[in-house]
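Novice: Fold the stuff below for me.
(one chain, ligands or ions: 2)
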Amino acid sequence: MTTEQTFIAVKPDGVQRGLIGPIISRFEARGFKLAAIKLVTPTKEHLEKHYEDLSSKPFFPGLIAYMGSGPVCAMVWEGRDVVKTGRAILGATNPLASAPGTIRGDYAIDVGRNVCHGSDAVDSAKKEIALWFKPEEIQSWKSAQFDWIYE
Ligand code: DAT
Ligand code: MG
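Specialist: Ligands and ions are numbered 1, 2, ... in the order given. Prediction:
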């Protein structure tokens, strides 16, 4: 099996609202494997790099201020097709357009307070993981559940 990884982060509003546990639970229960996790308050420079594609958007300054306003729970999750499936678990960018059953569809209302981040493609996942984690912070391990999750 090829191992795919994605970068998932519980944003400051998700951390403040006690949603780290419920968000982790959804990825764990689906069968994905946690490879790295830390609580960090990102700097402005770090966030400007993370969201560099959005730098010309009118909401960019507010987005950077919000994302740096407190601790973020940064994670790497691993498994088959985890990038695309992670986005499906998160729901649409605008929570009001997210189906119930998704994280944003269950826990958020405003696009500027949408509680979690997930990489949108395999390439951006690689870039984001390298930006947020040192290689030695990422664990390579075989879950005891592996053979019960994959045929
Ligand atoms: P996503 O987080 O679903 O990948 P994105 O990369 O387009 O969405 O935007 C990054 C974040 O920026 C998004 O999670 C919330 C914020 N954002 C996006 N569009 C916005 C808007 N129209 N107004 C306010 N914030 C917005
Ligand atoms: Mg995005």
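Novice: Please make it C-alpha for all contacts and neighbour counts, starting now.
Specialist: Will do.
Novice: mind listing the helices in this protein by residue range?
Specialist: Remark: helices assigned in the chain by DSSP state H are 12-16, 20-30, 44-50, 60-67, 82-90, 103-107, 122-132, 146-149.
Novice: In CSV, list those helices along with mean pLDDT and mean neighbour count.
Specialist: CSV is the format used below for these (pLDDT from 0 to 100; neighbours: other CA atoms under 10 Å):
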stretch, mean pLDDT, mean neighbour count
helix 12-16, 98, 20
helix 20-30, 98, 15
helix 44-50, 98, 15
helix 60-67, 98, 16
helix 82-90, 98, 21
helix 103-107, 98, 21
helix 122-132, 98, 16
helix 146-149, 97, 10
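Novice: In this protein, what residue lies closest to ligand 1?
Specialist: Closest to ligand 1 within the chain is residue 93: 3.6 Å, counting by CA to the nearest ligand atom.
Novice: doesn't residue 112 make contact with that residue?
Specialist: No: at 9.2 Å, residue 93 does not count as touching residue 112 under the criterion of CA atoms under 8 Å.
Novice: Nearest residue to the residue nearest the centre of the chain in space, please, no chain neighbours.
Specialist: The residue lying closest to the centre of the chain (CA atoms, centre = their mean) is residue 8, at 1.6 Å. Take residue 8 and drop its neighbours on the chain: the residue closest to it by CA to CA, 6 or more residues apart in numbering is residue 118, 4.6 Å away.
Novice: Might you report the residue contacts of that neighbour?
Specialist: 6, 7, 8, 9, 83, 86, 87, 90 (CA atoms under 8 Å, 6 or more residues apart in numbering).
Novice: how long is stretch 137-151 from one end to the other?
Specialist: 29 Å (CA to CA, to the nearest Å).
Novice: cool, stretch 7-14 as well?
Specialist: Stretch 7-14: ends 16 Å apart by CA to CA.
Novice: Please see if that stretch touches ligand 1.
Specialist: No: counting by CA under 6 Å from any ligand atom, ligand 1 is not contacted by stretch 7-14; separation bottoms out at 9.3 Å.
Novice: Might you calculate how far that stretch sits from the centre of the chain?
Specialist: 6 Å (CA atoms, centre = their mean, to the nearest Å).
Novice: Show residues contacting it.
Specialist: 19-20, 23, 66-77, 86, 113-119, 125, 128-129.
Novice: Run through the residues that contact residue 113.
Specialist: Neighbouring residues of residue 113 by CA under 8 Å, 6+ apart: residue 13.
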